[in-house]
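> everything below, folded, please.
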Amino acid sequence: MGTLRPAALNDLEQLETWAAPLIAALAPAARRTLLQALAVDLRRSQQRRIAQQRNPDGSTYEPRKPQREDRTGRIRRGAMFRRIRMARHLRATSNADGLRVGYAGRVARIARVHQDGGTDSAKRGGALVRYARRQLLGFSDADRERVRELLLMHLTGGY
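Predicted structure coming up:
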């Protein structure tokens, strides 16, 4: 899920080290259920954060560059990534071995350009545009805490 800062990566490694033996002890069906619940919860948190226009560290997205009018004289305004955060594009999948929250296909290319701050053409055959870095996917502190809570709830039978 995107590029993670080193401290976040260490937190995730610690979480995985702590949780892996506990999850491995579960039956495959129970593991699949737990991982699906985690994937859906993570997708929802990513959707909320994208809707708030915030990076995982809490900073706001860099605003759009000023837009010119299109053919109808309309200027595009409003929140970025309205459609890309929909569940049909931001997919949460899991199996007994792991979970994945991310994009696929053409939407993945668009998300990658924004996630990494790359260059791409805004229109087919158009000039290359440099996009600011806006982290669509990533773990916030609240996400890591929520994963811990869900794991504990599930493993203690309170889920």
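
> residues touching the longest helix anywhere in the chain, excluding its own?
In the chain, taking DSSP state H as the definition, the longest helix is helix 28-51. Applying CB atoms under 8 Å, 6 or more residues apart in numbering, the contact partners of helix 28-51 are 1, 23-24, 26, 56, 79, 81, 84-85, 87, 90-96, 98-101, 136-137, 140, 142-143, 146-147, 150-151, 154, 159. No exception for glycine: its C-beta is placed from N, CA and C like everyone else's.

> do stretch 129-146 as well
Outside stretch 129-146, the residues within contact range by CB under 8 Å, 6+ apart are 1-4, 8, 11-12, 15, 41-42, 45-46, 49-50, 55-58, 61-62, 80-81, 84, 101-102, 111, 113-122.

> and those residues, which of them are in strands?
If you go by DSSP state E, the contacts of stretch 129-146 have 101-102, 119-121 in strands.

> out of these, which end up buried?
Buried subset of those (neighbour count, 16 or more other CB atoms under 10 Å): 101-102.

> what is the burial count for I84?
By other CB atoms under 10 Å, 17 other residues sit near I84.

> for it, give me phi and psi.
phi -70, psi -20 (degrees, to the nearest 10).

> distance of it from A111?
As judged by CB to CB, to the nearest Å, I84 and A111 stand 6 Å apart.

> shared neighbours of the two, anything?
Joint contacts of I84 and A111 (CB under 8 Å, 6+ apart) are 103, 136.

> weed out the non-buried ones from the contacts of helix 28-51.
Burial by neighbour count, 16+ other CB under 10 Å: within the contacts of helix 28-51 this picks out 1, 23, 26, 56, 81, 84-85, 90, 92, 94, 99, 101, 136-137, 140, 143, 146-147, 150-151, 154.

> so L151 is in which element?
Per DSSP states H and E, L151 falls inside helix 141-155.

> output that helix in PDB with nothing but the alpha carbons.
Once non-C-alpha atoms are left out, helix 141-155 reads as follows in PDB (Å, rounded to 0.1, in the frame of the first residue of the first chain):
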ATOM      1  CA  ASP A 141      -1.200   6.000  13.300                       C
ATOM      2  CA  ALA A 142      -4.900   5.500  13.700                       C
ATOM      3  CA  ASP A 143      -4.900   2.700  11.100                       C
ATOM      4  CA  ARG A 144      -2.200   0.800  12.900                       C
ATOM      5  CA  GLU A 145      -4.100   1.200  16.200                       C
ATOM      6  CA  ARG A 146      -7.300   0.100  14.600                       C
ATOM      7  CA  VAL A 147      -5.600  -3.100  13.200                       C
ATOM      8  CA  ARG A 148      -4.300  -3.900  16.600                       C
ATOM      9  CA  GLU A 149      -7.800  -3.400  18.100                       C
ATOM     10  CA  LEU A 150      -9.500  -5.600  15.500                       C
ATOM     11  CA  LEU A 151      -6.900  -8.300  15.900                       C
ATOM     12  CA  LEU A 152      -7.300  -8.300  19.700                       C
ATOM     13  CA  MET A 153     -11.100  -8.300  19.500                       C
ATOM     14  CA  HIS A 154     -11.100 -11.100  17.100                       C
ATOM     15  CA  LEU A 155      -8.600 -13.200  18.900                       C
END
